[in-house]
Structure formats: C-alpha cells, structure tokens
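Undergrad: Return a 3D structure for these sequence lines:
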Amino acid sequence: MGGKKKVDMTSMYRSLAQLGHQRIWLRIIKSGDLLFMVTFENRRLARFERGLNTWCFVKNAALVDDYPLGSVPDGEGLTELHEKDEQLFHLTLCDENVDRLISYLATLDD
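TA: Model (predicted):
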C-alpha cells in the first residue's frame, strides 16, 4: 500500500457535492490562516490542513441540509465555490499564506 493521498480542493468540493450539498462556500479566517468549506448556514464541512497540505472532512460533513432558495451564509471572508474556478482551487494548495488568496478573491468581486 502507498502513502496517504492528498485531497485537493476540487476533489473535496466534488465529494461534498456528491453527498448532496447544493452550494458550498469557502470561509477564510485571516487570523490563523484557516480555510473551511461551509454550508449556507455556516456549518463547517471541510477544513484545509496546512501542515498536511490536504483537505479533510469535519464531523457530520455527510449531513446535508435542505437548502432554502436564496440563502447565503452571514459574515465576512466568504466566497461561493464553483468547480470551474481552477485558479482559486490551486491557490489554496500552493500558498502558505492566505494573503495571495484573499487578493485573488478581491478580483472576483469586481
């Protein structure tokens, strides 16, 4: 058997979507450079482990909530994820610091 496989953002996003999550957001917590994938009600589904350079499910990630049309999470540091945004998915893996990721997200808002 080989070593453990690193899970990139695309794979985690696809896994969560296959579980039935309809919309998924990236939450960045600048203090601590933390990245999470969350539901419309800010429930954490996955977290990025920088030391291991991989995404991990969090407890109860398989519990899928009914998504009320038009609902979005409250708070700052949120970006809705779309699998087609390869640049965003790549930046979560290659950058040790979230500043570059945050700068890229600012360009998406324009």
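Undergrad: Any stretches of the chain with poor pLDDT?
TA: 1-3, 32, 89-98, 108-110 (pLDDT under 70).
Undergrad: Helix or strand: which one has the residue nearest to the spatial centre of the chain?
TA: Note on the chain: the residue nearest the mean C-alpha position is Met37, at 3.3 Å, using Cα atoms, centre = their mean. Per DSSP states H and E: Met37 is located in strand 34-38.
Undergrad: Each with direction, which strands does the next helix or strand after that strand pair with?
TA: Beyond strand 34-38 on the C-terminal side, the first helix or strand identified by DSSP H and E is strand 44-49. The pairing partners recorded for strand 44-49 under DSSP bridges are strand 34-38 (antiparallel), strand 54-57 (antiparallel).
Undergrad: quick revisit: contacts only, for the residue nearest to the centre of the chain.
TA: 12-13, 16, 24-27, 44-47, 55, 81 (Cβ atoms under 8 Å, 6 or more residues apart in numbering). Bear in mind the C-beta positions are built from the backbone N, C-alpha and C, glycine included.
Undergrad: Quick check: closest non-adjacent residue to it.
TA: Leaving aside its sequence neighbours, Met37 sits nearest to Ala46 (Cβ to Cβ, 6 or more residues apart in numbering; 4.3 Å).
Undergrad: Does that neighbour touch Leu16 like I think?
TA: Yes: counting by Cβ atoms under 8 Å, Leu16 is a contact partner of Ala46 at 6.6 Å.
Undergrad: Pull up the gap between the residue nearest to the centre of the chain and Gly75, please.
TA: 14 Å (Cβ to Cβ, to the nearest Å).
Undergrad: Can you verify my assumption that Trp25 contacts Glu76?
TA: No: contact criterion Cβ under 8 Å: Trp25 and Glu76 do not qualify, at 11.7 Å.
Undergrad: how close does the residue nearest to the centre of the chain get to Leu88?
TA: Met37 is 12 Å from Leu88, by Cβ to Cβ.
Undergrad: Give me the common contacts of the two.
TA: With Cβ under 8 Å, 6+ apart, Met37 and Leu88 have common neighbours 26, 81.
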